[in-house]
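Peer 1: got a sequence here, can you model it:
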Amino acid sequence: MYRNGKPLLCLFAYFFFSLSLFAVESNLVFYVDAAIPTTTEKGTSDSPFTSLEQAVAAIYDRINRQETPVKNGKPAPVSVFLRSDVYVEEAVFLTAPIKILGENAPVITFGENAGFVVERTSLEIKGCSIKRIERFTEPRIVPVLYGSNASLTLNRVSITVEEGGDAVILRDSRITCTDTSFTSGQTAQAVLVRAKNSTVSALRSTFSASGLMVLCFDFVKTQCTLTDTVCNLTAHYTGRLAALTDSTVKVRKLQCSYTSPLFEMMDAAVIADNASKAELPKSVELTGFTEVLIRR
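Peer 2: Residues are numbered from 1 along each chain as shown. Sure thing, here's the model as predicted:
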């Protein structure tokens, strides 16, 4: 009956096949395609949701019914495959881990004063563009990406904001950017990333901003690493790479330029207090600044 151990091998083969099948089924996945009209929107590949909001609502429904996989006592990330451009009118509040994976470089366009609000969870976005274009009516403080006790991961993402305030605000959070671009065009002040008690890491990424006054990074008690990064600042008056308060910035291979219609050269690239550290090696290329670093 157990000659050559064949029944035992079959039993092990069945066991491992069952484990692999469970692993596949445990990864919850939804699909969004606004370009395909359907009367039965189930979020499946054949019958996708037509809006990002539907996918987020379905994720919370599954979590509330405890039908999502759990890892280390917390819900496992849910993948949302985005197959078309989508328009999102209101802010998207996230308290469960989500991965948004773009197919064919879709564009997520937010309405005025709207964006991703990530609270005590993680958001990963890959292969997408995010845009928000507003009217210059009044100063706003709502960014396109807001993280509080959150983890944000951007890979091959393009973020563009016109008016409407900062692009990213972090509080007790971390953000990792790879092959990602940030662009802000403001009539008044343009700040790309504002962070407090956070960690910022950028690899092969680009930061571009234009406005009356321009600042790439405004950090308070924040650790930042920039590797192979390009920053383009177009300011009517003041333009800086970073303003640091009790923060640390480590730079590896960076190009940063400041241009103005009024001044050929102006300001220091980095302004910092005595509690801050800025590692700016000779490989850093700065154009249009009178100094590299000044202490306040």
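
Peer 1: correct me, but Pro106 touches Asp85?
Peer 2: Yes: at 5.3 Å, Pro106 and Asp85 qualify as touching, with contact defined as C-beta atoms under 8 Å. Heads up, the C-betas are built off the backbone N, CA and C, glycines and all.

Peer 1: the more surrounded of the two?
Peer 2: Taking neighbours as other C-beta atoms under 10 Å, Pro106 and Asp85 compare with Pro106 leading, 22 against 18.

Peer 1: show me what contacts that one?
Peer 2: Leu82, Arg83, Ser84, Asp85, Val86, Cys128, Ser129 (C-beta atoms under 8 Å, 6 or more residues apart in numbering).

Peer 1: how about Ser260?
Peer 2: Residues in contact with Ser260, defined by C-beta under 8 Å, 6+ apart, are Thr234, Ala235, His236, Tyr237, Gly239, Met266, Gly288.

Peer 1: for Glu53, helix, strand, or coil?
Peer 2: Per DSSP: H, G, I helix; E, B strand; the rest coil, the local secondary structure of Glu53 is helix.

Peer 1: report pLDDT for it.
Peer 2: With respect to pLDDT, Glu53 has a value of 95.

Peer 1: also Val70?
Peer 2: At Val70, the model reports a pLDDT of 63.

Peer 1: one more: the one 4 residues further on?
Peer 2: At Lys74 the predicted local confidence, pLDDT, stands at 70.

Peer 1: ok, it to Thr95 distance?
Peer 2: Applying C-beta to C-beta, to the nearest Å, the value for Lys74 to Thr95 is 11 Å.

Peer 1: now swap in Tyr87 and tell me
Peer 2: As for Tyr87, its distance to Thr95 is 23 Å (criterion: C-beta to C-beta).

Peer 1: so where's the protein shaky on pLDDT?
Peer 2: Filtered on pLDDT under 70, the chain yields the residue ranges 1-26, 39, 66-73, 138-140.

Peer 1: element containing the spatially most central residue of it?
Peer 2: The chain has Leu154 as the residue nearest its centroid, 4.4 Å off, counting by C-alpha atoms, centre = their mean. In this structure, Leu154 is located in strand 151-155 according to DSSP states H and E.

Peer 1: go on, Leu192?
Peer 2: In this structure, Leu192 sits in strand 189-196 according to DSSP H and E.

Peer 1: next SSE downstream of that strand?
Peer 2: Read in the C-terminal direction, the helix or strand following strand 189-196 is strand 199-203, with elements assigned using DSSP H and E.

Peer 1: which other helices and strands contact the helix or strand that comes right after that following strand?
Peer 2: Taking DSSP H and E as the definition, the helix or strand that follows strand 199-203 towards the C-terminus is strand 206-211. Using 3 or more C-beta pairs under 8 Å, 6 or more residues apart in numbering; DSSP states H and E, the elements in contact with strand 206-211 are strand 181-185, strand 189-196, strand 213-220, strand 223-235.

Peer 1: nearest to Asp172, of the ones you listed?
Peer 2: For Asp172, the closest of those is strand 189-196, at 7.5 Å, according to C-beta to C-beta.
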